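K.L.:
Starting from these lines, generate the structure:
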Amino acid sequence: MRILFLFIFNSFISIKLIAQEDSLLTSLLEEQPKEKTLSPSAFKGTRLINGHTVEMLGKKTLEFRVAHRFGDVEGGTETFWGLDKANMNLTFDYSFSNRLTIGVGRNSYQKLYEGTVKYKVLRQTTDNSMPLSVVILGKANALTNTKGSQYEDPINTLSYFGEIIIGRRFNNSFSFQLSPSFIHFNLASETFKSNDIVSITASGSYKFTKSAAVTSEYTQTLNDYYYKDIAAYIPTFSLGFDLETGGHVFQLFFTNAFAMNETQYIPFTSTDWGRNQFRFGFNISRTFGFGKKNKK
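P.N.:
Numbering: from 1, shown residues only. Below you'll find the model as predicted:
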């Protein structure tokens, strides 16, 4: 009887200690900071129409992009509404992580080469503890068709572009971003006699299905520069449509921007929607993953 009593007593104590340990473990787990869940993508690609978005490539991903801008539709049947003319941009971007991407590109207009660095500083979370995504973008550009011009000196061919992209995914359909930017030319243009241009871009996307969205983009320079008392620039405005199919994103749009590099279209666009001086364009991108595939 005495042995039975000791066995029951020890069993009771053991159960109580185990219960206390479970309670302590549960309390400690509740006190651990929960990992933040990142918000789903705000935009379908790393570019919207002309400019970059807050979106980044996945780790160890290569993106190949082909972009075309045709001539103004005002040419009518003579230029087949601008389709007889075209500028082209080819870019390769590679991501070392979900935050850092570098890229190189070539523009047919003025035979311009570009190098890009893009870094994501902040990422929006689903609980809104971080309500915005913030990206820093930098570009260095060099003209190559400068023979016989004032840009023939190699140092004069260089220009630079810096931008902060601040974006937010408001809901499953609507996303919006603002992008203040700064351009510096080693040699100032004769048009506005300034080495530096400041601008801001507003961009938005409205998804009406999982794979399709309407997009828009507007860029306004903040410098007041004139040539012979006439405004030497027109703000760029674009309206488009995004379609995602597997690893491809097709972007179709109309824009009055004649070029695709920021140092070309932001300060030098002179075509006006009001005079039918806008053009059709498209971007096509394809991504390739180089990381190890996760086992199911």
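
K.L.:
and residue 266, what does it touch?
P.N.:
181, 183, 197, 199, 219, 221, 236 (CB atoms under 8 Å, 6 or more residues apart in numbering). C-beta: built from backbone N, CA, C; applies to glycine.

K.L.:
what kind of secondary structure is it in?
P.N.:
Using DSSP: H, G, I helix; E, B strand; the rest coil as the criterion, the local structure at residue 266 reads helix.

K.L.:
do residue 198 as well
P.N.:
Going by three-state DSSP: residue 198 is strand.

K.L.:
Give the bridge partners for it, please.
P.N.:
residue 182 (DSSP bridges).

K.L.:
any chance of the contacts of residue 266 in TSV, plus pLDDT?
P.N.:
Below are those laid out as TSV (pLDDT from 0 to 100):
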residue	pLDDT
181	97
183	95
197	91
199	94
219	95
221	89
236	94
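
K.L.:
looking at the residues you listed, which has the most residues close by?
P.N.:
residue 236 (26 neighbours; other CB atoms under 10 Å).

K.L.:
mind listing what that one touches?
P.N.:
50, 217, 218, 219, 255, 256, 257, 265, 266, 269.

K.L.:
Distance-wise, check the residue positioned nearest the centre of the chain relative to residue 94.
P.N.:
Compute the mean C-alpha point of the chain, and by CA atoms, centre = their mean the closest residue is residue 53, 2.2 Å away. Remark: distance between residue 53 and residue 94 (CB to CB, to the nearest Å) = 17 Å.

K.L.:
which one is residue 215 nearest to, not counting chain neighbours?
P.N.:
Once flanking residues are discounted, residue 215 sits nearest to residue 240: 4.5 Å by CB to CB, 6 or more residues apart in numbering.

K.L.:
Next one, pLDDT for that neighbour please.
P.N.:
Residue 240 is assigned 95 on the pLDDT scale.

K.L.:
Listing partners with orientation, what would you give for the helix or strand hosting it?
P.N.:
Assigned by DSSP states H and E, residue 240 belongs to strand 236-245. The pairing partners recorded for strand 236-245 under DSSP bridges are strand 212-221 (antiparallel), strand 248-255 (antiparallel).

K.L.:
CA atoms only for the first one - export them in CSV, please.
P.N.:
What it means is strand 212-221. Taking C-alpha atoms only, strand 212-221 is exported to CSV below (Å, rounded to 0.1, in the frame of the first residue of the first chain):
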residue,chain,number,x,y,z
ALA,A,212,-4.3,41.6,-66.9
ALA,A,213,-4.1,45.2,-65.8
VAL,A,214,-4.6,48.8,-67.0
THR,A,215,-1.5,51.0,-66.4
SER,A,216,-0.7,54.7,-66.6
GLU,A,217,2.4,56.9,-66.1
TYR,A,218,3.0,60.6,-66.0
THR,A,219,6.4,62.4,-65.7
GLN,A,220,6.8,66.1,-65.0
THR,A,221,10.1,68.0,-65.0
